[in-house]
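[1] sequence unknown, structure follows:
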């Protein structure tokens, strides 16, 4: 299950995870999961550049291995990167041993102190171990762009309803994101 706006109980249970960030103004934090992808990443980077914006890309290790030039471009253009596992495993359905091995494999190629669990699915036992090495970044808004059937006006409404200064917004960087016309023309 995906939450467009996580239940407050989660933030109370794990207050040391990053859900939102303190800001002095009205900044928000754009993040993109699952890339780099040869179609969407260049478009996202172009769009971010045209708008003078920076983002954090939580990359899947096998995608970095497949598209190293895109990963280098992300960093060269001043964006942050984070670990999103090697093979996009769910922490809820994967043994801790296998989960940690997958993350360590991704770390060898990504090399970031930031980690986001795929699907936001992570067990308390995994949090306990991973927070010793990583800042675990979740989100307070996921508008639902991962579903190509979600209309653009619905994505916009979800953002308008929940966006606050310091919000961490999750977008996705993979081939299903075809319905955002200003990025995918």
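    Thanks, I have the structure now. Remember, predicted model here, so these are calculated numbers, not experimental data.

[2] identify the residues contacting the residue nearest to the spatial centre of the chain.
    Centroid-nearest residue in the chain: residue 33, 3.6 Å away (criterion: Cα atoms, centre = their mean). The neighbourhood of residue 33, defined by Cβ atoms under 8 Å, 6 or more residues apart in numbering, consists of 58, 84, 116, 118, 170-173. Any C-beta I mention is one placed from the backbone N, CA and C, and that applies to glycine too.

[3] and the nearest residue to it once chain neighbours are set aside, how many neighbours does it have?
    Of all residues not flanking residue 33 in the chain, residue 58 sits nearest, at 4.7 Å (Cβ to Cβ, 6 or more residues apart in numbering). Neighbours of residue 58 under the rule other Cβ atoms under 10 Å: 27.

[4] how close does residue 58 sit to residue 130?
    The gap separating residue 58 from residue 130 is 14 Å, by Cβ to Cβ, to the nearest Å.

[5] straight-line length of stretch 135-147, end to end?
    Across stretch 135-147, the terminal residues are separated by 27 Å (Cα to Cα, to the nearest Å).

[6] and the least confident helix or strand in the chain by mean pLDDT, what other elements does it pack with?
    None of the helices or strands of the chain scores lower by mean pLDDT, DSSP states H and E than helix 8-13, at a mean of 74. Under the contact definition 3 or more Cβ pairs under 8 Å, 6 or more residues apart in numbering; DSSP states H and E, helix 8-13 sits against no other helix or strand.

[7] thinking residue 11 is in contact with residue 19, fair?
    Yes - contact criterion Cβ atoms under 8 Å: residue 11 and residue 19 qualify, at 5.0 Å.

[8] more neighbours: which of the two?
    residue 19 (19 against 14).

[9] may I see the buried residues of the helix ranked longest in the chain?
    Longest helix in the chain, counting residues (DSSP state H): helix 96-110. The neighbour-count check on helix 96-110 (16 or more other Cβ atoms under 10 Å) flags 99-100, 102-103, 105-107, 109-110 as buried.

[10] which elements pack onto that helix?
    Using 3+ Cβ pairs under 8 Å, 6+ apart, helix 96-110 sits against helix 61-66, strand 80-83, helix 124-130.

[11] which of the ones you listed is buried the deepest?
    The highest mean neighbour count among these, using mean count of other Cβ atoms under 10 Å, belongs to strand 80-83: a mean of 22.
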